[in-house]
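Peer 1: what's the 3D shape of this:
(one chain, ligands or ions: 1)
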Amino acid sequence: MAFVELKHVTKRFKNEEVLKDISLAIPPGELFGLLGPSGSGKTTLIKMMLGLLQPTSGTANIENTTMPSLKQMRTIGYMAQSDALYNDLTARENLLFFASIYGIRKSRRKRRVEEIAKMVDLTDHLDKLLATFSGGMLRRMSLAAALMHYPKLLVLDEPTVGIDPVLRASIWRDLKDLQNQGTTIILTTHVMDEAEKCDRLAMLRDGRIIAQGSPDELQSESHANSLEEAFLYYGQHGASRRMV
Ligand SMILES: Nc1ncnc2c1ncn2[C@@H]1O[C@H](COP(=O)(O)OP(=O)(O)OP(=O)(O)O)[C@@H](O)[C@H]1O
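Peer 2: This is a model prediction of the structure:
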């Protein structure tokens, strides 16, 4: 059974159709990437999966429940592109706040904040004001907040933008660990070497999925030497029936 399923989803803003007949099925435990250039519709697509936007037509389901569903939203961790954090609070105060709004029991909150801080390597910075944090530290804080309530599904919108290679590698290690613990992960990226780390990908261009498959399948099907070449190929030739 698919954990996340989109069936013939279309989204129109006024006269512009920004998503066109999108169908996707993501099984539980998969690390799935949405790869596409700026403006191709990645953020709109994940907002639809999360129930934050209503499709103009078609349906978005999580565990067979049509979104938006409050029950399902509680099982999702979402890291948006911009950080919804409080600069005039410390990292610990921010995380305690997220723990309370996610309904973590009061007796568990302090411990959970420390567990999460360790996971994203912020233990030594817990008592510093966020105003003093670097861009990379803020992204890790956002990841920590999204993980607070043990989500079954983690949705990340360009999680490593503006992050240096060392930190990027550490975030990827965290994501692989979470996947090994059974978390389903969906992320957007326009970076090819990140897309290569996903189990499967959907390539998005102008609101349409131009190809879908594992990075190896996408490359071999298009006889490309890299995902970048494969992307260009599918943009021009479309994909075979098997891939979409
Ligand atoms: N609320 C809105 N009203 C009107 N148009 C919108 C709205 N949200 C998104 N769009 C348009 O939809 C298209 C897709 O935007 P979206 O943010 O989903 O792309 P993206 O692939 O996530 O881009 P980026 O990588 O830059 O974040 C763009 O043309 C954008 O201008």
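
Peer 1: Walking through the chain, point out its strands one by one.
Peer 2: 4-13, 16-26, 31-35, 57-62, 65-66, 76-79, 153-157, 184-189, 200-205, 208-213 (DSSP state E).

Peer 1: Pull up the residues of this structure that are close to the ligand.
Peer 2: By the rule Cβ under 6 Å from any ligand atom, the part of the chain lying against the ligand is Phe13, Val18, Gly36, Ser38, Gly39, Ser40, Gly41, Lys42, Thr43, Thr44, His190. All C-beta spots, glycine's among them, are computed from the backbone N, C-alpha and C.

Peer 1: at 8 Å instead, please
Peer 2: Contact residues, the chain versus the ligand (Cβ under 8 Å from any ligand atom): 11, 13-14, 16, 18-19, 36-45, 47, 81, 157-158, 188, 190, 204, 207.

Peer 1: Buried subset of these as a PyMOL selection?
Peer 2: Of the residues of the chain next to the ligand, the buried ones can be selected in PyMOL as follows, counting by 16 or more other Cβ atoms under 10 Å:
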select buried, resi 11+18+19+36+40+41+42+43+44+45+47+157+158+188+190+204+207
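
Peer 1: thinking again about what came up before, would you convert the strands of the chain into TSV that also reports mean pLDDT?
Peer 2: Formatted as TSV, these follow (pLDDT from 0 to 100):
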stretch	mean pLDDT
strand 4-13	96
strand 16-26	95
strand 31-35	96
strand 57-62	96
strand 65-66	93
strand 76-79	92
strand 153-157	94
strand 184-189	95
strand 200-205	95
strand 208-213	95
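
Peer 1: Export those to CSV and append columns for distance to Met141.
Peer 2: As requested, these are exported to CSV (distance: least, Cβ to Cβ, whole Å):
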stretch, distance to Met141
strand 4-13, 26
strand 16-26, 26
strand 31-35, 22
strand 57-62, 26
strand 65-66, 30
strand 76-79, 10
strand 153-157, 14
strand 184-189, 17
strand 200-205, 27
strand 208-213, 32
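
Peer 1: got the CA positions of stretch 222-233 in PDB?
Peer 2: Extracted C-alpha coordinates of stretch 222-233, given in PDB (Å, rounded to 0.1, in the frame of the first residue of the first chain):
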ATOM      1  CA  SER A 222      17.800   7.900 -21.100                       C
ATOM      2  CA  HIS A 223      21.400   6.600 -21.800                       C
ATOM      3  CA  ALA A 224      22.700   9.600 -19.800                       C
ATOM      4  CA  ASN A 225      25.900   9.800 -18.000                       C
ATOM      5  CA  SER A 226      24.400  11.900 -15.200                       C
ATOM      6  CA  LEU A 227      21.100  12.800 -13.700                       C
ATOM      7  CA  GLU A 228      21.500  16.300 -15.100                       C
ATOM      8  CA  GLU A 229      21.800  14.800 -18.600                       C
ATOM      9  CA  ALA A 230      18.800  12.600 -17.900                       C
ATOM     10  CA  PHE A 231      16.800  15.600 -16.800                       C
ATOM     11  CA  LEU A 232      17.500  17.400 -20.100                       C
ATOM     12  CA  TYR A 233      16.700  14.300 -22.100                       C
END
